[in-house]
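Novice: The following comprises the amino acid sequence and a computationally predicted model.
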Amino acid sequence: MIRVGQAGLGALALPGLLQAQKAAGGKGTGGKAKSVILIYLWGGPPQMDMWDPNPEAESGIRSLFKPIPTKVPGIHVSEAMPLFAKWTHKTAIIRSLTHDSNEHGNSVYYTLTGHKDKTKTFGRNKRSRKDWPGMGSVLSGLRPAEGLPGTVTIPRPIGHDGVTYSGSHAGFMGPRHDPLEIGRVAEEKGTDELYPLSLPKEVSKTRLLARRGLRQSLEDLDRKLQGDPSTIDFTDYREQALGMLLTSKVKDAIDLKKETTKTRDRYGRNEWGEAILTARRLVESGVRLVTISWMYIPPNGNVANVWDNHGGTSTLGGITGYDMLKKEYCLPSLESGFNALMEDLTASGLLDETLVAMYGEFGRTPKINKNTGRDHWGALQSAVLAGGGIQGGQVYGKSDRQSAYPTEKPVAPEDLHATMYHALGIPPDTMIHDHLNRPHRICDGRPLTGLF
């Protein structure tokens, strides 16, 4: 596959994707949502410090943030989220999402695919073609977007220390349904191109076309030698892929210079706000699902999953867990980005056909640790859904007063996935096929139909 600049297309083979779109044909009943923006708060956002305040809990467990009223009487959220509080009439807060793992690797896999595999602990969770596909890859197979990748991940896939996490690509569905993964451009003086889909400076369009001619000659000969009829029409898809690279809707969508200064300021002049703005532009162009994998790259170049607010992280200056939440890379940027996204989707009327989801791989412990942070806690977390037919102004499920365990309406990750598919008009018993053409039900959960 042609690699352009630092776009980092990874395992995505665009010609294969386009070929798959022709074969897939589309399936489903056509629900309200046509696309999904998944704001994935990798690391584990603290439920009690965000969407599930626990003011009655004892000291050492009770959130250091006070609860505040919201747009909807009776619903309270953290005082650190005043902008989110303006949108509770458009959101459903699930306060009873639960599973039994406190480990990043298999919890990411479970919450991104809706399927459990306890063996995928970090270091043994490098993605492979035996994995279950993520939701975006399933949509790529079921509802291909003409002339576009079915799913896009920005700013980069989840991973660190040489491991890209399982659950973040198409798995057994094959590389044709992998997400388009667009890496952040290197910092250059005077550049304002966040996600480039352009050729590197040393490769002109003429040179690119010459490379195509050389490749075509070699592959023509190869086909004659192999006599394999399955490769004959592959050239057509390569030509479409080349067109996507030279002039494409995706390239226009990720060009934030097309937005006004005011709009970019509203979303936030940082990687997270700009990722949310880019996600909005991508779904407007027709991409089915955009995943924002939230992370931070400190000056030393290491990856930090900043919602993992234990506190005391040396690469972040050893600050407390609560101080991490107050930093630009956590709540302030989520606040401004989500607020601007809801403003724009509401004003344009696209909120009805765009499902917005926010959650991470698990929640945080009731007890505040010695670094004034919280540790891993799979037993409870909160998730937020908006748009796509979701009835706003409600809380689903209930936790105990320590925000530690669900006491009403527990929701498993597969139920959350079934709910998101339901928003898209796709029944959870819909079948997809692996590379051996074996059928698999996309989801074993039950949709929370009461949210709609």
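Specialist: Right, received. Where do you want to start?

Novice: hey, where'd the strands end up in the stretch 1-150 of the chain?
Specialist: 35-40, 67-69, 76-78, 91-97 (DSSP state E, counting those that start in this stretch).

Novice: out of those strands, which comes closest to Val303?
Specialist: strand 35-40 (14.3 Å; C-beta to C-beta). Every residue, glycine included, has its C-beta placed from N, CA and C.

Novice: Show me what the closest one is packed up against.
Specialist: In terms of contacts (3 or more C-beta pairs under 8 Å, 6 or more residues apart in numbering; DSSP states H and E), strand 35-40 is packed against helix 135-142, helix 271-285, strand 289-293, helix 331-348, strand 354-359.

Novice: 6 Å - rerun?
Specialist: Packed against strand 35-40 by the contact rule (3 or more C-beta pairs under 6 Å, 6 or more residues apart in numbering; DSSP states H and E) you find strand 289-293, strand 354-359.

Novice: Dump those strands into a markdown table; add mean neighbour count, mean pLDDT and distance to Met81 as well.
Specialist: Compiled in a markdown table, the helices and strands packed on strand 35-40 are given as follows (neighbours: other C-beta atoms under 10 Å; pLDDT from 0 to 100; distance: least, C-beta to C-beta, whole Å):
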| stretch | mean neighbour count | mean pLDDT | distance to Met81 |
| --- | --- | --- | --- |
| strand 289-293 | 26 | 97 | 18 |
| strand 354-359 | 26 | 98 | 11 |
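
Novice: thinking again about what came up before, any chance of TSV for the strands of the stretch 1-150 of the chain, columns distance to Gly337 and mean pLDDT?
Specialist: Converted to TSV, these look like this (distance: least, C-beta to C-beta, whole Å; pLDDT from 0 to 100):
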stretch	distance to Gly337	mean pLDDT
strand 35-40	8	98
strand 67-69	20	98
strand 76-78	16	98
strand 91-97	15	98
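
Novice: To Leu316, which of those lies closest?
Specialist: Going by C-beta to C-beta, the one of the strands of the stretch 1-150 of the chain nearest Leu316 is strand 35-40, 19.8 Å.

Novice: From the rest of the structure, what touches that closest one?
Specialist: Residues outside strand 35-40 that contact it (C-beta atoms under 6 Å, 6 or more residues apart in numbering): 279, 283, 288-293, 354-358.

Novice: rewinding a little: which stretch among the strands of the stretch 1-150 of the chain comes nearest Lys118?
Specialist: strand 91-97 (18.1 Å).

Novice: So the spatially most central residue of the chain versus Tyr421, what's the distance?
Specialist: In the chain, the centroid-proximal residue (C-alpha atoms, centre = their mean) is Thr291; its distance is 2.2 Å. From Thr291 across to Tyr421, the span is 16 Å (C-beta to C-beta, to the nearest Å).

Novice: For the stretch 1-150 of the chain, just list every one of the helices.
Specialist: Secondary structure of the stretch 1-150 of the chain (DSSP state H, counting those that start in this stretch): helices at 14-24, 104-113, 135-142.

Novice: and the ones you listed, which one is worst for confidence?
Specialist: Lowest mean pLDDT of the helices of the stretch 1-150 of the chain: helix 14-24, a mean of 43.

Novice: pLDDT weak spots in the stretch 201-350 of the chain?
Specialist: 201-247 (pLDDT under 70).

Novice: hmm, try it at 50
Specialist: Filtered on pLDDT under 50, the stretch 201-350 of the chain yields the residue ranges 229-230, 232-234, 236-237, 240, 246-247.

Novice: So Val250 belongs to a strand, correct?
Specialist: No. The assignment for Val250 is helix, going by DSSP: H, G, I helix; E, B strand; the rest coil, so no strand is present there.

Novice: So which of the strands of the stretch 1-150 of the chain is nearest Asn309?
Specialist: Across the strands of the stretch 1-150 of the chain, Asn309 has its closest neighbour in strand 76-78 (13.1 Å, C-beta to C-beta).

Novice: Starting from the closest one, tell me which strands it pairs with and how they run.
Specialist: Strand pairing for strand 76-78, determined by DSSP bridges: strand 67-69 (antiparallel).

Novice: Tell me the buried residues in the partner strand?
Specialist: Of all the residues in strand 67-69, those buried under the rule 16 or more other C-beta atoms under 10 Å are Pro67.

Novice: Contacts for it next, please.
Specialist: The contact list for strand 67-69 (C-beta under 6 Å, 6+ apart) reads 53, 55, 76, 79.

Novice: which of the residues you listed lies closest to Arg438?
Specialist: Closest to Arg438, out of all of the contacts of strand 67-69 and judged by C-beta to C-beta, is Pro53, at 46.3 Å.

Novice: And for that closest one, the neighbour number?
Specialist: By other C-beta atoms under 10 Å, the residues close to Pro53 number 21.

Novice: do Trp51 as well
Specialist: The burial count for Trp51: 28, using other C-beta under 10 Å.

Novice: Kindly report the same for the one 3 residues further on.
Specialist: The number of residues packed near Asn54 is 20, by other C-beta under 10 Å.

Novice: And Gln391, by the same measure?
Specialist: For Gln391, using other C-beta under 10 Å, the count is 12.

Novice: Dihedrals phi and psi, it?
Specialist: phi -80, psi 120 (degrees, to the nearest 10).

Novice: Show the contacting residues for it.
Specialist: Per C-beta under 6 Å, 6+ apart, neighbours of Gln391: none.
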